[in-house]
Structures are given as C-alpha cells and as structure tokens.
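[1] Okay, here's the prediction I keep looking at, along with the sequence it came from:
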Amino acid sequence: MSTACTPVSLPLESPVRGAGHRWKVLGVGVAANASFSAAAAGLPTTAIWLRSGYQLSNAELGIALGAMGLGVALSELPWGMATDRWGDRPVLLWGLLGTMLSLLALLLWITPVHGAVPSLLSLAAGLALVGVLGGSVNGSSGRAVMRWFGPGERGFAMSIRQTAVPLGGALGALILPTLAARYGFAMVFGALAFACALSAAFAWRWMHEPDFAVEAAKGPQNVSAGLLSAQEAPPLRNGRIWRMVGAIALLCAPQSAILSYATIFLHDQGKLGLAAVTTAMVSLQAGAMAMRIWSGRHTDRHANRPAYLRGCVLVATTAFLLLGIVASIDAPGWMLMVAIVLAGVAVSSWHGVGYTELATVAGSNHAGTALGMANTAVYISFFLTPVLIPHLLDLAAWSGVWCVAAVVALAAWPLFPKR
C-alpha cells in the first residue's frame with residue numbers, strides 16, 4: 001500500500017488557504033480524537049455499571065474493556081498506511097462515519113433491555129468493531145497536524161491534539177457514568193454516536209490536504225522544513241522507530257491500568273461513591289490535558305524531546321510506586337483519590353511529545369505509517385492490560401498491580417533515544 005513520494009516543503013500554512021486554516025485543521029483533529037476517546041477512555045469509567053448491567057465477572061469485564069483496544073490494534077497500521085496513500089481527509093471521514101454506525105448498532109442490538117442481557121461475545125465483538133473503525137482518527141489527524149504546522153510549533157500543536165485523549169476521557173467520565181446509572185447503555189452509545197457524527201461534519205468542512213506546490217516551486221531551499229527525513233529507512237524497516245514504538249507501548253500499559261480499573265479500585269478498596277469517583281477521573285483527565293500542552297510548549301522552546309521523554313518515564317515510575325504504597329496501607333479514600341490522580345497525570349503527560357518525535361524521525365511522507373505502528377502497539381497494550389489485571393489482582397492485590405505497573409513503565413526508559 002506504499003507509494004513513492006517526493007519531499008516537499010512544510011510551511012507554517014498552506015499557500016492557498018492561509019495561515020489561520022491550520023488551526024481549523026488542528027481543531028478537527030482535537031474533535032475527532034476527543035469523540036473517539038470519549039468511547040475508548042470514557043467507557044471504562046462506566047465499569048461498575050457495565051459489570052452489573054451485563055452481569056460480568058471481573059475477568060469478563062477485562063475482556064469487554066480490552067475488546068475495543070484489540071480492535072484499534074488490528075486496524076491502526078492499515079489505517080496509517082491508507083492515510084499515507086490516500087490522504088488525511090477521506091480516511092478520517094470514513095472512519096468517523098463508520099464508528100458512528102457501529103455505536104448505533106450497539107445501541108440497537110447489544111444493550112440490556114427488559115431483563116434480557118446480551119452475551120459477552122456480542123458485547124466484545126461490538127466494542128472491537130468500534131475500535132477497528134475508530135482507529136482511523138489517530139494516524140490521519142496526526143499526519144495532518146504534522147503537515148500543517150512548522151518545526152517550531154509541531155510539539156505544541158501535537159500536544160494540543162493529544163489533549164483530545166484526556167479531554168474525551170474527561171467528558172466521558174463526566175457524562176457516561178451518569179447516563180449508564182440513570183438511563184442505561186442505550187443512552188451511553190447514543191451519546192457517543194452523536195459525538196462522532198458531529199466530528200465527521202467538522203472534518204467534512206475543514207479537513208483538507210495542504211497544497212505545497214507553490215512553496216515547492218520557490219526552490220530547493222524551501223524543501224523540507226525539518227520534518228522530512230529523506231535518509232531514514234521506511235518505518236517498518238527502521239530500528240530507531242521500532243524502539244520508540246516499543247517504549248510508547250510499554251509506557252501505555254500503566255496508563256491503561258489506570259483508565260480501565262481506577263474506578264473499580266476506588267469503589268472496591270476506597271468505598272467511594274459516584275460523585276467521588278467521577279471527581280477523581282475528571283481531575284485526572286484535566287491534569288493530563290494541562291500537562292500535555294505544557295510539555296509540548298516546553299520541548300518546542302528547549303528542543304529537548306528525547307531527554308524529556310526519558311524524564312517522564314522516571315516520574316511515572318515514581319508515581320506508580322507511591323500509588324502501590326498507598327494501596328498497601330489501607331489508606332483513606334481521599335488519599336487513594338490523590339494517588340490515582342497523580343499517577344494518571346504522570347503517565348499521561350508525554351504523549352504529544354512522544355508522537356511528535358516519532359513522526360519527525362519518520363518524515364512527513366511516512367508519518368501516517370509510523371503513527372499507525374505506534375498506535376497498534378499502544379492498543380495491543382490497551383487490550384492486554386485490562387485482561388491481565390484481574391489475574392494479577394488475585395495474586396498480589398491492588399498494591400501489587402500498581403507496583404508491577406511501575407516496573408513496566410521503567411522498562412521504557414532505555415528504549416527512548418538519549419538525544
């Protein structure tokens with residue numbers, strides 16, 4: 001599915017559409033990622049009601065929560081390669097519309113109604129289909145942002161785009177548990193389908209490919225503004241990219257543990273109710289958003305993305321060790337909330353910086369494929385983590401779960417480049 005591409009310039013704006021249009025493209029990327037993240041990161045916040053409504057055990061709950069991640073993992077690389085081949089706009093549009101239709105299918109046929117409970121297989125298959133189609137938003141919107149923004153703004157722009165993940169998760173945490181508790185999962189899936197439809201409308205209106213023909217014609221001095229890496233091997237044959245992909249996947253495992261089981265942990269161990277659990281999860285996502293934006297601006301100014309990524313690994317490791325200690329001493333609920341929020345923010349702050357560095361190494365002509373590789377690995381991690389945690393919980397309690405997450409985070413440290 002690959003195609004030969006001639007390196008072209010990457011100005012701050014399209015010569016045709018004007019400087020302001022790049023912010024519209026960024027806005028579309030944020031909306032698309034937020035709408036899918038509201039499902040991917042928001043649905044786990046309904047875990048208490050998902051477990052009771054679908055009559056699941058903890059192990060079955062892990063399978064259901066991991067199914068969407070498996071779907072994304074299966075589709076990310078094909079979506080990324082399709083984006084490099086056919087462009088950002090068609091991939092994003094078809095992906096968002098398909099995600100909307102799959103959520104409507106869940107609403108119509110795979111929700112508990114009048115005492116009839118759908119099977120685990122049908123629920124997992126439906127959520128996996130949402131993941132397969134929703135996986136389109138990551139690579140296509142990321143490639144678009146990298147192509148519309150110049151070298152001095154890419155870290156900031158990509159970090160803003162990556163805030164869509166905690167933004168969607170925060171909105172999901174704020175809205176979906178209440179919908180699930182009061183109205184059932186038909187309303188949950190309906191709200192998510194509406195969000196995808198709205199994002200598709202934004203993409204149809206504003207997501208366009210930049211036109212660099214005018215800029216390229218000005219001469220070779222305008223070719224490549226710091227993103228293209230003509231000497232780099234294609235992503236699938238590039239060892240440096242594979243190491244970064246591995247580091248990103250490892251660092252996402254403790255993040256997945258937080259997103260998938262923080263509500264269960266706070267409810268079961270902390271004996272906290274809906275208001276407290278919702279407050280903790282919204283605070284976590286809001287903190288992650290703020291840190292991602294600050295991280296992007298900071299690394300753009302100091303040109304220190306590799307060093308910053310390695311520092312984030314150490315901070316996340318420390319935060320999860322602290323969470324494990326707090327979980328082991330029968331701490332009060334408020335202390336568990338604080339520890340969960342700190343660990344969640346620490347392990348979520350690096351995303352925009354990491355994806356910017358990965359796309360920069362790959363070059364704009366291969367950015368979709370590289371981002372697809374990373375997101376495939378990420379969602380394999382998002383699938384395996386919630387499936388494995390119930391078994392680890394049986395062996396080592398919550399303190400053991402969080403300490404193992406710290407060790408997994410630390411394993412990412414040597415894989416990120418030193419400079």
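    Thanks, I have it. Numbering: from 1, shown residues only.
[2] contacting residues for the closest residue to Gly400 other than its chain neighbours?
    Take Gly400 and drop its neighbours on the chain: the residue closest to it by C-beta to C-beta, 6 or more residues apart in numbering is Leu392, 6.5 Å away. To be clear about C-beta, it is placed using only N, CA and C from the backbone, and glycine gets the same treatment. Residues in contact with Leu392 (C-beta atoms under 8 Å, 6 or more residues apart in numbering) are Gly400, Val401, Val404.
[3] now do 10 Å
    Ala257, Thr385, Trp398, Gly400, Val401, Val404, Ala405 (C-beta atoms under 10 Å, 6 or more residues apart in numbering).
[4] Return the distance of it relative to Ile63.
    Using C-beta to C-beta, to the nearest Å, Leu392 is found at 15 Å from Ile63.
[5] got it, and His114?
    For His114, the distance to Ile63 - C-beta to C-beta - is 25 Å.
[6] Now for this structure, the helix or strand with the poorest mean pLDDT.
    helix 213-216 (a mean of 46; mean pLDDT, DSSP states H and E).
[7] Following element in sequence after that one, please.
    Per DSSP states H and E, helix 213-216 leads on to helix 239-268 as the next helix or strand towards the C-terminus.
[8] average model confidence for the longest helix anywhere in the chain?
    For the chain, the helix with the greatest residue count under DSSP state H is helix 367-410. Mean pLDDT, helix 367-410: 90.
[9] Now do that helix and helix 239-268, the angle between them.
    60 degrees (axes from the mean of the first three to the mean of the last three C-alpha atoms, to 10 degrees).
[10] quick one: helix 367-410 to chain centroid distance?
    Taking C-alpha atoms, centre = their mean, to the nearest Å, the mean C-alpha location of helix 367-410 is offset from the chain mean by 13 Å.
[11] go on, stretch 234-250?
    With C-alpha atoms, centre = their mean, you get 17 Å for stretch 234-250.
[12] now do stretch 115-130
    That offset, for stretch 115-130, works out to 22 Å (C-alpha atoms, centre = their mean).
[13] Need the CA coordinates for that stretch. PDB is fine.
    Extracted in PDB, the C-alpha atoms of stretch 115-130 (Å, rounded to 0.1, in the frame of the first residue of the first chain):
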ATOM      1  CA  GLY A 115     -34.100  -8.200  31.700                       C
ATOM      2  CA  ALA A 116     -32.500  -9.600  28.500                       C
ATOM      3  CA  VAL A 117     -28.700  -9.400  28.800                       C
ATOM      4  CA  PRO A 118     -26.600  -9.600  25.600                       C
ATOM      5  CA  SER A 119     -23.800 -12.200  25.700                       C
ATOM      6  CA  LEU A 120     -20.200 -11.300  26.400                       C
ATOM      7  CA  LEU A 121     -19.300 -12.400  22.900                       C
ATOM      8  CA  SER A 122     -21.700  -9.900  21.200                       C
ATOM      9  CA  LEU A 123     -20.600  -7.100  23.500                       C
ATOM     10  CA  ALA A 124     -16.900  -7.700  23.000                       C
ATOM     11  CA  ALA A 125     -17.400  -8.000  19.200                       C
ATOM     12  CA  GLY A 126     -19.400  -4.800  19.000                       C
ATOM     13  CA  LEU A 127     -16.800  -2.900  21.000                       C
ATOM     14  CA  ALA A 128     -14.000  -4.400  18.900                       C
ATOM     15  CA  LEU A 129     -15.700  -3.100  15.800                       C
ATOM     16  CA  VAL A 130     -15.900   0.400  17.300                       C
END
